[in-house]
Structure formats: C-alpha cells, structure tokens
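Novice: sequence plus the predicted model coming up.
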Amino acid sequence: MCGIVGYIGNKKASLVVLEALKNVEYRGYDSAGIAVLNSSIQIIKDVGKLAEIEKKHNFSSLEGTIGMGHTRWATHGGVNSMNAHPHTDESGEICLVHNGIIENFQTLREKLQKAGCKFRSETDTELMAHLISLELKKAKDFKGAFLSALQKIEGSFSFVVMHKGEQKLYGARKSSPLIIGVGKNEMFFASDMPAVLSHTRDFVFLQENEAAEITKEGYEIYSLSGAKISRAPTHVDWTPQMAQKEGYAHFMIKEISEQQNSIRNVLATDVTSAAKLLKKSKYISIIACGTSYHAALLFKLRLANYGFRSDVVIGSEYSTPPGSLQAQVVDKNTVVVAISQSGETADTLSAVRFAKTKGARIIGITNVIGSSLSREADSCIYTGAGPEISVVATKSFTSQVAILYMLAAVCAGENINEIKEKIRDLSAVIEAVISKDKEINDISAELSKHEDFFFIGRGAAHPVAMEGALKLKEITYLHAEAYAAGELKHGPLSLLEEGIPVIVIAPQNAGNVFKIISSIKECNARGAFIVGISDSDAVLEECNLKFKMPDCPTLFEAIAYTIPLQLLAYHMAIKLDKDPDKPRNLAKSVTVE
Ligand code: G6P
C-alpha cells in the first residue's frame, strides 16, 4: 500500500531515508515525502514518483540524523502535495507517516475540529498528529500520549512518529506491516526488509497491536497498554544485491530471469508438516488474491488430480454476505491454504481471520519472512523466491506453484525425490525458454500494435492463460481476457473481430490437442490473429505466430508455460513505453480491504 521508513543513527538521515524509500516505492508511488528532525522538523514532500520529486527538490538540504519518509498509494484524499506524508500537528512538533486506513476518521476529525484543530489535508493520517498533540496535554510523556491516541483509533495502521526534542522515533502497527532493522549504532523502521537490506540483515517483526521506540543504540517494544515485550532480532539470509537491479533495466526482467534459480530454492523446502495437517482435513479451502489466486487455481486442479476436493475463493469474497458459501461450510474440520506473496494482503488476511473464527486450521504460503500470514498461520511454508520488488508477481508465482504441487504430491503419498528431480529438469526448461527471449520480443513487436487480447487454454493452461492476461493488463494497460478455450463458443466468440490476437497456451501432454485445435479453428474462421505457445507442431501449424516450447516435465508445464507470457508482457510494456515495475494505480502489497 504505502511504504514507510524511519532512521536514527549517525548518518545523514535524508539520504538514508531516500535510498530506503526507493526500495519500498513498489508499495505506492503517487507522492512521497521525507521529514528530518534537527532544531525543528523540516519536511519536503510532493506529488509524483521519487525520481521526479528528486528533480524538483533537494532532499539532502535536510540536515539531521533522525528522519522518516513515505511513498503514498492514495486512499483518503486526492493525490496532491498537501495530502502527501509526512503530516504534522499545528505546532509542527509532532510529525508522522502512516500506512493503512483510520476507519473512525470522520467522527474523530469532527471531534478534533470542535476542539479547535485546523486540518490542512483531506487525509485520515493528519488527525493522528492532532490527536497525539491533544493527548500530550493530558499524558505524562510523549509515549503515553502516543499510546492513548493509538487506543482511540479504529482500522489498520502502521505509524512512524517523531517528536521535536526527542532523540527517538516511535512506531506502531495493527493489520499493516512494520519492522525494526537493527544496525550498529543505528536503527530503522520500515514497511519491509528490502528497504534497509543494505544496512542490516537483523530484523525484529512487530506484531499486531504493538508499539515500539528506537534510539541509536537500541529498541523497546511494548503493547498498546504500555507493557514491555522482549523480542530478539531474526537474522535473514536475503542479501542487499537481491533487492537491487544488478544491471537489469527493470526489476521485472531481473526477477523473470532469476526463475531458473529461484525454482531450485523450492528443493530445500519441507512441506511434510503442512501435508500432515492438510490430510487430516475434511474440507480444503484455498484463499488468495491476484496472481496468487492463479496459483490457487492450479493447486485445486492438482489436488483434484490426486482425488482431494477443494474450493478456491478470492480473499475479498470469502466472507462477503449475503450467503457466503464459506460462512456455511468452513468449520473445525477445514484446513485453509492461504497463498500470498507478501503475506500482508488485507483481503487474504481478513478471510484467514474469518476462517479462524470458524475453527479452521491455516496453512500459509508466503514469500516474506515474518509477514502477518506467516505468524497467523498454524503452519507456514516460505516460497523462498527472494525479495520480489517489481509490483507484478513473476518469480514468486512460479515458486508458489512448485511448492503447492509438492504439497499436493506429498499429501497423495507420491515419491518426493521424483518430484524434486522434475523440479531440477524444470529449472533447465526455464533457462531454455529465457534463452529464446528474442523470439518473444519479436512477437511482442507485432502484438504491441493491438489493443485487445484473448488468452485461451484448457485444463491447467486456463489459469496460466489468466496469469498471462493479468500480466499484460497490469503493465501495458491494454485489454486482455482469458478464457477456457472450450468456453469461447458459449459467448466470448461474439467479441472476436478481424485481426484480434488470440494467444493460445497449448502443452500437448495436457491431452486433447485436437480440442484446442478446434478452438483455434473457430477463432481463425472469424479472422483472429493466432499466437501459439506450444510444444505441439500440430497446434503451431494453425498459428500466425509461434513460440515452440521445449520439452518439459508434464507435472510442471503450467510453470514453464507462464515464462513466455511474463516475457511477452514485459516486452510489450517496454515497446509501449510503460514502466513495468510501477504500473499506474497498483501497489505490490495491498494492505487495505
Ligand atoms: C496486488 C499486486 C498483485 C498481487 C496481489 C496479491 O494486487 O499488485 O501483483 O498478485 O496483490 O498479492 P499477494 O502478496 O497476496 O500475493
């Protein structure tokens, strides 16, 4: 959603915060700002991406060694510099950044206005600065004022707060991530680890309804009622380079290219305890959003292949009345498999929490160590894909699918070593596909002249088609829809016009090649422009443009066939002059419902 950062140490805070903000900019990028504490609190904030703001303002003119920053994805209030964070109280002595939504905003704002507070922005965030300021008149110290203000707000938040005259930063979280980075004579707050990986790999993960303060020398954690909590840092093996572009033009192409290796990390993953839990269930309920939802659909098909029944539900629909199916069927015999790259997607977490109230047990599949999902699940499997910075998911998706397939196979009593052997083969297939990137680039040159796209596939190729269409929509802003190939004739064919590209995903091992050829012929007869991604010559013969897939272990075709679609979306975005790492209106981690 939004990216937040806080720094206290001996270095120039504005520069440390600026660099850290660049690493969390994928969380939001419609405006940004930095505040530094010196004899007073000074702020620079403006509309646009950080690179644009840097051209207009000199962040390094902010002198001081305590600072905070924010990159915004607007919720309350339009995109303008007044609404950009940080926000202050009227005295300018309390300054804060916020990620989340204050739900009792209207009531509190009215109360504060009656008490004489003058608001300068339309945000929910600004009221927190005024609220702390009012509480400070009653409380014995700033910490007390901060905690009592926190107790008055409803909704989700992570805050970093500074107060003139204090050599400290305060933070707090509820349903929105905040971590402490522990350095040598320096401490950090951040929305997530990539922000400060170049400074430290030791992190303390704040939990629900916890607050903390950091000084140069250390940190203290407490509950919202002020009770001290002790927690040691966790050392993570992510390296700073993992969160850098390392010579690639964009994070997206770097992350696509990493997949031959990231998929091998799955080999070290132990899924046995999650498999035991899953096997005990009477009902398997799978929850996810966005790209993770496509991994969920593939998992459902794989489970079905082994004779396990399951349902997949989009996070935001899980408990939506009226007549939410899940409200009827989820109980203590249910195991929920919640899939989320970030582990922070509010819709997914809210569905998980709902299922818990019904007594369900939770298996979390996430890429982010210490994320909310990892903590709230009964059993957590990390996907181990390494930091994913580009807003659109690529390597995290292929790792999710590999892990989920392993989990299904172990539940079914399959030989795990044979599965792992196939993952090694898959890694070579991914490498082979990526080495033919130029062919995809050539196809993208032709396709970037078009504005509407169909993606079709049968069986497991259908969720792959959905993922291909989603990638294209997200980063080119072109219209793309995915269909089960056999469903075209039941409606979507009426949309087909002369020349519309239909991207056909057709691994021949999936069987029924003749059926997908019939679908191609139906499209051809209506003048469509067919792009085939297949290992079948019979399929490719029917296509106007062809990408021949290398041989691939049948089990993992869905993963292999996703790679050319990722590359296609990337190259089209570049040809259309769009930034694939930061698509408009989107954020990587959506921490509001
Ligand atoms: C956002 C991102 C998508 C992502 C989805 C789910 O919408 O833009 O790329 O697939 O969230 O994210 P999660 O972290 O739960 O997998």
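Specialist: All right, it came through fine.
Novice: residue in the protein nearest to the ligand?
Specialist: Here the chain gets closest to the ligand at one residue, G290, 2.6 Å apart by C-beta to the nearest ligand atom. Where you see a C-beta, it was placed from the backbone N, CA and C, and this is true even at glycine.
Novice: may I ask you to confirm that that residue is in contact with A393?
Specialist: Yes. The criterion here is C-beta atoms under 8 Å, and G290 meets it with A393 at 7.0 Å.
Novice: comparing these two, which residue is more hemmed in?
Specialist: Neighbour totals were compared for G290 and A393, and A393 leads with 28 against 23 (other C-beta atoms under 10 Å).
Novice: name the SS class of the more buried one, please.
Specialist: Classification of A393 by DSSP: H, G, I helix; E, B strand; the rest coil places it in coil.
Novice: in which helix or strand does the closest residue to it other than its chain neighbours reside?
Specialist: Distances taken as C-beta to C-beta, 6 or more residues apart in numbering put T291 closest to A393, at 3.9 Å, once the chain neighbours are dropped. Using DSSP states H and E, T291 sits in helix 290-305.
Novice: L407: what's it in contact with?
Specialist: For L407, the contacting residues are V271, A274, A275, L278, F299, V337, I363, I381, taking C-beta atoms under 8 Å, 6 or more residues apart in numbering as the criterion.
Novice: what sits against the closest residue to it other than its chain neighbours?
Specialist: Of all residues beyond its chain neighbours, the one nearest L407 is V271 (4.6 Å), with distances taken as C-beta to C-beta, 6+ apart. Contact partners of V271, counting by C-beta under 8 Å, 6+ apart, are I381, I403, M406, L407, V410.
Novice: and what of E467?
Specialist: By C-beta under 8 Å, 6+ apart, the contact list for E467 reads T291, H294, F397, T562, L565.
Novice: the fourth one should be in a helix, yeah?
Specialist: This means T562. Yes. Secondary structure of T562, determined by three-state DSSP: located in a helix.
Novice: quick one: it and Q400 touch, right?
Specialist: No. The pair T562 and Q400 fails to qualify as a contact (C-beta under 8 Å) at a distance of 10.9 Å.
Novice: for N415, grab the count of nearby residues.
Specialist: By other C-beta under 10 Å, the residues close to N415 number 10.
Novice: S292 too?
Specialist: 26.
Novice: now the element after the lowest-mean-pLDDT helix or strand in the chain, going C-ward?
Specialist: Taking mean pLDDT, DSSP states H and E as the measure, the helix or strand of the chain with the lowest value is helix 325-329, at a mean of 76. Scanning forward in sequence from helix 325-329 by DSSP H and E, the next helix or strand is strand 334-340.
Novice: okay, now the unreliable bits of the stretch 201-350 of the chain?
Specialist: Residues of the stretch 201-350 of the chain that meet the criterion pLDDT under 70 lie in 322-323.
Novice: show me what from it comes close to the ligand.
Specialist: Selection of the stretch 201-350 of the chain residues close to the ligand by C-beta under 6 Å from any ligand atom yields C289, G290, T291, S292, S340, Q341, S342, T345, T348.
Novice: just to revisit the earlier point, the residue nearest to A393 contacts K395, doesn't it?
Specialist: No. Contact between T291 and K395 fails when scored by C-beta under 8 Å: they sit 10.9 Å apart.
Novice: looking at these two, which has the bigger crowd around it?
Specialist: K395 (29 against 22).
Novice: quick one: the helices in the stretch 251-400 of the chain?
Specialist: In the stretch 251-400 of the chain, the helices defined using DSSP state H, counting those that start in this stretch lie at 251-257, 259-265, 272-280, 290-305, 325-329, 346-357, 372-376, 395-411.
Novice: so which of these is the most surrounded?
Specialist: Most buried of these by mean neighbour count (mean count of other C-beta atoms under 10 Å) is helix 395-411; its value is a mean of 27.
Novice: for the record, mean pLDDT for that one?
Specialist: With pLDDT averaged residue by residue, helix 395-411 scores 98.
Novice: how about the contacts made by the closest residue to R353 other than its chain neighbours?
Specialist: Closest residue to R353 in three dimensions, ignoring its sequence neighbours and counting by C-beta to C-beta, 6+ apart: E376, at 7.3 Å. With contact taken as C-beta under 8 Å, 6+ apart, E376 is in contact with L349, V352, R353, K356, I362, G364.
Novice: retrieve the pLDDT associated with E376.
Specialist: Per-residue confidence at E376 stands at 93 (pLDDT).
Novice: how about the residues of this structure by the ligand?
Specialist: Remark: the part of the chain in contact with the ligand comprises 289-292, 340-342, 345, 348, 391-393, 586, 588-590, using C-beta under 6 Å from any ligand atom.
Novice: how does it look with 5 Å?
Specialist: Among all residues of the chain, those adjacent to the ligand (criterion: C-beta under 5 Å from any ligand atom) are C289, G290, T291, S292, S340, Q341, S342, T345, A393, L586, V590.
Novice: what's the most distant pair in these?
Specialist: Set against one another by C-beta to C-beta, the residues of the chain next to the ligand have their most distant pair in S340 and L586, with a gap of 15.8 Å.
Novice: of the two, which one has the most company?
Specialist: S340 (31 against 16).
Novice: was I right to think that one contacts G364?
Specialist: Yes. Using C-beta under 8 Å, S340 and G364 qualify as a contacting pair, with a distance of 7.5 Å.
Novice: identify the contacts common to those two.
Specialist: Where contact means C-beta under 8 Å, 6+ apart, the residues bridging S340 and G364 through contact with each are L373.
Novice: pLDDT below threshold where in this protein?
Specialist: Counting by pLDDT under 70, the low-confidence segments of the chain come to 322-323, 510-511.
Novice: and it, what are its domain boundaries?
Specialist: Listed domain ranges for the chain are 3-241, 249-434, 436-593 (source: automatic domain parsing).
Novice: ends of the shortest one, how far apart?
Specialist: When you say that, I think you mean domain 436-593. Domain 436-593 has an end-to-end distance of 40 Å (C-alpha to C-alpha, to the nearest Å).
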